[in-house]
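> sequence? don't have it. structure:
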RNA sequence: GCGCUCGUAGCUCAGCUGGAUAGAGCACCAGACUUCGAAUCUGGGGGUCGGGGGUUCGAAUCCCUCCGAGCGCGCCA
């Protein structure tokens, strides 16, 4: 118990803060970016020496952790990438660059290896700087400005408002939400959007189904729900609500009169349910965009879009060859309005008008994406289920055409396909019968296992790989269960910080920022153990990982990183069991304790940061 | 028949947009609790990256071609 020492740490932290009052830059946080700058500086110096041509292209130079840790802390391909332009062989060039790098204050070793890699080993001070960066930036560690405020629209879920969300929708919901979090953290201006398919035959079927439930609510015996309508019980409240609101007044009207009324009410109630279900997963959209509004709003945006495409020569009247493969029963060869999708990479041209004169779904979708471009989104991301995979090319084609007619400076579209989820319980498939209207809803799953397992497990897989979700396994409290393992890592770190008050009595318990501030002044140079260095290296990787995940639109990388970080922490903990001098809390050495607490603080900070991006709780303790 | 997504250890999966001797977990075998949470950790065996060509300094990654799986294939959304 030496408060005096803690005061000294605080004083030192203040001093460190005053030394650099500017906002942290990318290189301050991202040690790989910092070293890349050093490598570029070295090549510039060689250019000044006349060893390299001036103005050489440095864009392909990368600095990355080597696969083999024996090769050092990081490796760069600079010499191999530059060799061709430099007109020299990689290895001599590598030697020259390495020689320059050896003069750097953070570089302990620079060696040329293999075909021309430069392997760098950094001095421990470099990793200590990285840890200090975690402590001083706190929850902002890993945040970057690579998005530069670019407006990006992330559209996800967009399930039909004809029934409650089922378990298959979970994955897209969680993926889209985490991706949006990640992009916002990386400096993009993100809009979270849900496209409501409230036009077309399916919502009419919804209305007819709801109308039956309405008559049922009025006491009529409606018998079985006919084929083609929605049989689920979830429409009973809609019928009851209509009966309460409208009494018997709808019952004897012709369908043309009651259908729009019933349809709008049914859609509103379904969407309210859907939003509630999404909220149970902590998924909240900024914009709910109605398909119907494209057609029935003040302007017919679908008609306008088609007209604009027609003026540009992308729409024509013509005939299509009948589809190959599975024969279409009622195929009718007729002239129709077609979008010239083949000009933009699709396989066939696509119809825009149905035979009854209404727009196809695809026509609305073109108009919808044009609407996004008109709203100023330079980047669009659509998250779809695997069953819509066949639709990717035509929408990509549509966006290219839209970009051409709007002359938007940028209109990128990335379509992320999330594969299907197989629901299991203890290894056995969960049976559900869609025909009988019985399916496992999103709400069922969240109620059974909780939001955190759902969110984490849906992200603990690449989005385009199929996923088994086992209701029994995801709530196990064991290493088999990654959700638990990572959350336990955070809880264990918090437990250490709580217990540390035995040695460092005035360590702030609740305010993480104050604690981190104090700990940043600890004598971090005493962190010399290999396990401690491994943890610091892992922490140093985080900004680079976030950046790569954001660019690739792959939030699953965060989940895997967190698992690795938690694993490093658990390993170091257990090394303290085998060798007591490696424990985080050393009773008679408050200085060492402070330094190790700083490391723990850094770990829990990054675990909490990553979990927050995934939308998963970072618990203080496991109960 | 065509298109899309995949194929990596016995199983479930990573592999940082082309880097070095391909990595985790489970399972199997052998070990570590008078602890700051053993709900954890340490070590071991296990591979023709579906097959075959090509591109280059270098390929699990990019191209071609077979094999196999899932999804989709006018006027449904």
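In hand now; what should we look at? Since this is a predicted model, take the numbers as computed values, not measurements.
> tell me the contacts of the closest residue to residue A:527 other than its chain neighbours?
Computed as C-beta to C-beta, 6 or more residues apart in numbering, the closest residue to residue A:527 that is not its neighbour in sequence is residue A:595, at 5.4 Å. (C-beta placed from N, C-alpha, C; glycine too.) Taking C-beta atoms under 8 Å, 6 or more residues apart in numbering as the contact definition, residue A:595 lies against A:522-527.
> List buried residues within those.
Among the contacts of residue A:595, those classed as buried by 16 or more other C-beta atoms under 10 Å are A:522-524, A:526-527.
> Name the nearest of those residues relative to residue A:166.
The closest of the buried ones among the contacts of residue A:595 to residue A:166 turns out to be residue A:527 (C-beta to C-beta; 49.4 Å).
> any idea how far RNA strand B is from that closest one?
15 Å (C-beta to the nearest atom of the strand, to the nearest Å).
> again with residue A:369
The gap separating residue A:369 from RNA strand B is 14 Å, by C-beta to the nearest atom of the strand.
> and that residue, helix, strand or coil?
Three-state call for residue A:369 (DSSP: H, G, I helix; E, B strand; the rest coil): helix.
> Next, name the residue at the spatial heart of chain A.
Geometric centre of chain A, nearest residue: residue A:179, 2.1 Å, by C-alpha atoms, centre = their mean.
> Give the residue farthest from the middle of chain A.
Distance from the C-alpha centroid of chain A peaks at residue A:252, with 50.5 Å (C-alpha atoms, centre = their mean).
> tell me which element that residue falls in.
Using DSSP states H and E, residue A:252 falls within no helix or strand.
> wait, doesn't residue A:461 sit right on residue A:467?
Yes - counting by C-beta atoms under 8 Å, residue A:461 does reach residue A:467; the two are 4.8 Å apart.
> residues from the stretch 501-623 of chain A in reach of RNA strand B?
Contact residues, the stretch 501-623 of chain A versus RNA strand B (C-beta under 7 Å from any atom of the strand): A:544-545, A:548, A:551-554, A:556-557, A:560, A:563, A:567, A:570-571, A:573-578, A:582-585, A:621-623.
> Using ChimeraX, define a selection of the buried residues within those.
A single ChimeraX command selects the buried members of those (16+ other C-beta under 10 Å):
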select /A:544,545,553,554,556,557,560,563,573,575,576,582,583,584,585
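> List the ones among the residues of the stretch 501-623 of chain A next to RNA strand B that fall in helices.
Members of those lying in helices (criterion: DSSP state H): A:544-545, A:548, A:551-552, A:556-557, A:560, A:563, A:567, A:570-571, A:573-578.
> ok, which stretches of the stretch 251-400 of chain A are helices?
Ranges of helices in the stretch 251-400 of chain A, per DSSP state H, counting those that start in this stretch, are A:255-280, A:291-296, A:301-311, A:361-374, A:392-406.
> tell me the most buried of the ones you listed?
The highest average neighbour count among the helices of the stretch 251-400 of chain A, using mean count of other C-beta atoms under 10 Å, belongs to helix A:361-374 at a mean of 22.
> Listing request: residues of chain A with sub-threshold pLDDT.
When residues are selected by pLDDT under 70, those of chain A lie in A:1-28, A:324-329, A:432-438.
> again, only using 50
Applying pLDDT under 50 to chain A flags the ranges A:1-3, A:16-24, A:435.
> which of the residues in the helix or strand harbouring residue A:518 are buried?
With elements taken from DSSP H and E, the one containing residue A:518 is helix A:512-519. For helix A:512-519, a neighbour-count test (16+ other C-beta under 10 Å) marks A:512, A:515-519 as buried.
> Rebuild those residues as JSON lines, extending it with distance to residue A:206.
JSON lines is the format used below for those (distance: C-beta to C-beta, whole Å):
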{"residue": "A:512", "distance to residue A:206": "48"}
{"residue": "A:515", "distance to residue A:206": "54"}
{"residue": "A:516", "distance to residue A:206": "53"}
{"residue": "A:517", "distance to residue A:206": "56"}
{"residue": "A:518", "distance to residue A:206": "59"}
{"residue": "A:519", "distance to residue A:206": "57"}
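> ok so, going back, of the buried ones among the contacts of residue A:595, which belong to strands?
Applying DSSP state E to these, no entry is found in strands.
> returning to what we had before: ok now the helix holding residue A:518, how far from the chain's centre?
When distances are taken as C-alpha atoms, centre = their mean, to the nearest Å, helix A:512-519 is centred 29 Å away from the chain's centroid.
> Against which helices or strands is it packed?
Applying 3 or more C-beta pairs under 8 Å, 6 or more residues apart in numbering; DSSP states H and E, we find helix A:512-519 packed against helix A:3-19, helix A:124-137, helix A:590-614.
> Name the surrounding residues that touch the shortest one.
For helix A:124-137, the external contacting residues (C-beta under 8 Å, 6+ apart) are A:16-17, A:24, A:28-29, A:31, A:73, A:105-106, A:141, A:143, A:516-517, A:519-520, A:524-525, A:527-528, A:533, A:536-537, A:539-540, A:542, A:598-599, A:601-602, A:605-606.
> repeat for stretch A:457-465
With C-beta under 8 Å, 6+ apart as the criterion, stretch A:457-465 contacts A:170-171, A:174-175, A:178, A:416-419, A:421, A:467, A:469, A:474, A:482-483, A:554-556, A:558-560, A:563, A:614.
> That stretch: which residues count as buried?
Across stretch A:457-465, burial judged by 16+ other C-beta under 10 Å covers A:457-461, A:463.
> does the residue nearest to the centre of chain A belong to a helix or a strand, and which?
With DSSP H and E as criterion, residue A:179 is part of helix A:167-185.
> tell me the angle of the helix or strand just after that helix relative to helix A:361-374?
Counting by DSSP H and E, the next helix or strand C-terminal to helix A:167-185 is strand A:189-196. Orientation of strand A:189-196 against helix A:361-374 (axes from the mean of the first three to the mean of the last three C-alpha atoms, to 10 degrees) gives an angle of 160 degrees.
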